[in-house]
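[1] fold the following.
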Amino acid sequence: MTKIALNLIVISGLLLSPLVTQPLPASAAESAAKLAVIDLDRILEGYRGTESSDKRLEKLSEDKKGQREKFVSEIKEMREELILLNEEARLERQKLIEEKLKGLAAFDREARTTLVKKREEEMKTIFDEIEAVVASFAKEQGFTLVVSHRAVLYRQEGMDVTDQVLKILNDHYGEKKRSS
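    Below is the predicted model:
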């Protein structure tokens, strides 16, 4: 090897040695990544909006039960009256009872459908609220990714932001209640 080539190798080695001893920088995406974990079960349990939703659904369910009890009571009364009626009136009353039973079955189907649909609407509203707060919180805090605790097998201490998000949600819910 010529003396010039050897000198170039030595000089380039000297120039590059600080770079070689330093760890290589991660890609821009990796170096900017800031991750957080949220326990959605705790969020749902502790969020006042969930509690209010549960109360609304319970009231709707109780209203439906009350309406159903009226149906059942009418059918019982009609059955008790059967004993007092003559054969022709009894047959007519039995037809009415059968119609009432069909109406009761239809009411039960409609009530179940209504309750399921209302629960889905309530849960969608709650999850939309949670998603909006999490997104806002993540942007403010510089998080690039927030995942559910159920999707995580391991995490370091300090990555769980559930309590912070729950506080924001409940504070926001209190403000929302006062303004409506």
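[2] show me where pLDDT drops low in the protein?
    1-32, 176-180 (pLDDT under 70).
[3] at which residues are the strands of it located?
    In the chain, the strands defined using DSSP state E lie at 35-38, 145-148.
[4] now distance to residue 101 too, for the ones you listed, in CSV please.
    Yep, even glycine has a C-beta here, placed from its N, CA and C like the rest. Formatted as CSV, these follow (distance: least, C-beta to C-beta, whole Å):
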stretch, distance to residue 101
strand 35-38, 49
strand 145-148, 46
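[5] mean neighbour count for these - can I get that in a markdown table?
    What follows is the strands of the chain, written out as a markdown table (neighbours: other C-beta atoms under 10 Å):
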| stretch | mean neighbour count |
| --- | --- |
| strand 35-38 | 20 |
| strand 145-148 | 14 |
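[6] among those strands, which is nearest residue 78?
    Among those, strand 145-148 comes nearest to residue 78, with 53.0 Å by C-beta to C-beta.
[7] using PDB, list the CA coordinates for the closest one.
    Extracted as PDB, the C-alpha positions of strand 145-148 are listed here (Å, rounded to 0.1, in the frame of the first residue of the first chain):
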ATOM      1  CA  LEU A 145     -49.000   6.200  20.500                       C
ATOM      2  CA  VAL A 146     -51.500   5.400  23.300                       C
ATOM      3  CA  VAL A 147     -52.600   1.700  23.600                       C
ATOM      4  CA  SER A 148     -55.000  -0.300  25.700                       C
END
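[8] now for the helix ranked longest in the chain, which elements pack on it?
    Using DSSP state H to define each element, the chain has its longest helix at helix 87-141. Judged by 3 or more C-beta pairs under 8 Å, 6 or more residues apart in numbering; DSSP states H and E, helix 87-141 is in contact with strand 35-38, helix 40-46, helix 48-82, strand 145-148, helix 162-179.
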